[in-house]
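# I would like the atomic coordinates for the input below:
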Amino acid sequence: MNKGWTMKKIVWLCAALVLVACGHVPQTRYYLIAVQDPHPGSLKKELVLRLSSVTADAVHAQDRLIFRASGYEVQFDPYRRWALAPTEMIQQSAMDFFAKAGVFKRVTASLPDPQERFWSLSIAVRAFEEIVTPERRIGRVSLQAWVSEGMHDLPIWEGQLTAEETIQGADAESIIRALSLAAGKTLQQLLAQLEKQ
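Reported below is the predicted structural model:
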C-alpha cells in the first residue's frame, strides 16, 4: 500500500512538472506608433496652432491593442499593449507632424499669448484598431477634429478623418506599421483641411 501511494505521488508530481513546463505565460509586449513626416505645407499661415486636447471613449483610451472581427464585437489582446495611451500617442504625433509641416508659426499645447492669433485644435479618437475580415486585415484610424479661432472659440472647421492600411504580415509589428501609416494619413488629411481654411 505504501509502494502504490509513492507511485501515485510520483505520477502526480510528473504530471504537475509537465503542466508547469508546457504552460508558460506569454510575455507582454509594448508598442508605439511611428508616424511618417508630413508632406511640406504649401502655404504658411501667420498664426499659432494650439493642440488643446486629444480624447477617446473608454474602449480606445486603454493600453491593450484592439481588434474587431465584426462590427459588434470588440476584442482586446492581453499580451500586446501600447507603451502610451492612444490619446497620448496621437497628441505627440500630431504635435510633431504639424510642427514639421511648417504651415503654422508654431505648434503648442499651451495657450498662446493673448496678442497672438491662434487656432485651437481638439481631436477625439474614434477608431484605432485592427479590423479582421475573411478577406483581409486592416489597421483603421479615425479622428474627429474641431478647429476654432482665438480665445472666443469661433468655429473654423469640424470633420471626421479616417484612413485604413492593409496589414502586410501576421506579426505584431505589421499591425503597428499599418496603424502608424493610417495615423499619418489621417493627420495629412487634417493638415490639408487646415490649409484650406
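# give the full set of residues in contact with the residue nearest the centre of the chain.
By C-alpha atoms, centre = their mean, the mean C-alpha position of the chain lies nearest to Pro86, the distance being 4.1 Å. Residues near Pro86 by C-beta atoms under 8 Å, 6 or more residues apart in numbering: 56, 60-61, 125, 128. To be clear about C-beta, it is placed using only N, CA and C from the backbone, and glycine gets the same treatment.
# which among the residues you listed count as buried?
For those, a burial check counting by 16 or more other C-beta atoms under 10 Å picks out 56, 60, 125, 128.
# need the single longest helix in this protein, by residues.
Longest among the helix segments of the chain by residue count, using DSSP state H, is helix 172-196.
# name the residues of that helix that come out as buried.
The neighbour-count check on helix 172-196 (16+ other C-beta under 10 Å) flags 174-191, 193-194 as buried.
# please apply the same query to stretch 50-60.
50-52, 54, 56, 60.
# for stretch 118-125, same thing?
For stretch 118-125, by 16+ other C-beta under 10 Å, it's 118-125.
# tabulate the residues you listed (a markdown table), appending distance to Ala101, secondary structure and pLDDT.
A markdown table is the format used below for the buried residues of stretch 118-125 (distance: C-beta to C-beta, whole Å; DSSP: H, G, I helix; E, B strand; the rest coil; pLDDT from 0 to 100):
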| residue | distance to Ala101 | secondary structure | pLDDT |
| --- | --- | --- | --- |
| Phe118 | 16 | strand | 96 |
| Trp119 | 14 | strand | 97 |
| Ser120 | 17 | strand | 96 |
| Leu121 | 13 | strand | 97 |
| Ser122 | 18 | strand | 98 |
| Ile123 | 16 | strand | 98 |
| Ala124 | 21 | strand | 98 |
| Val125 | 20 | strand | 97 |
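# where along this structure do the helices fall?
Going by DSSP H, the chain shows helices at 2-22, 86-101, 172-196.
# mean pLDDT for these: which is lowest?
Mean pLDDT values for the helices of the chain show the minimum at helix 2-22, a mean of 61.
# how long is stretch 28-47 end to end?
44 Å (C-alpha to C-alpha, to the nearest Å).
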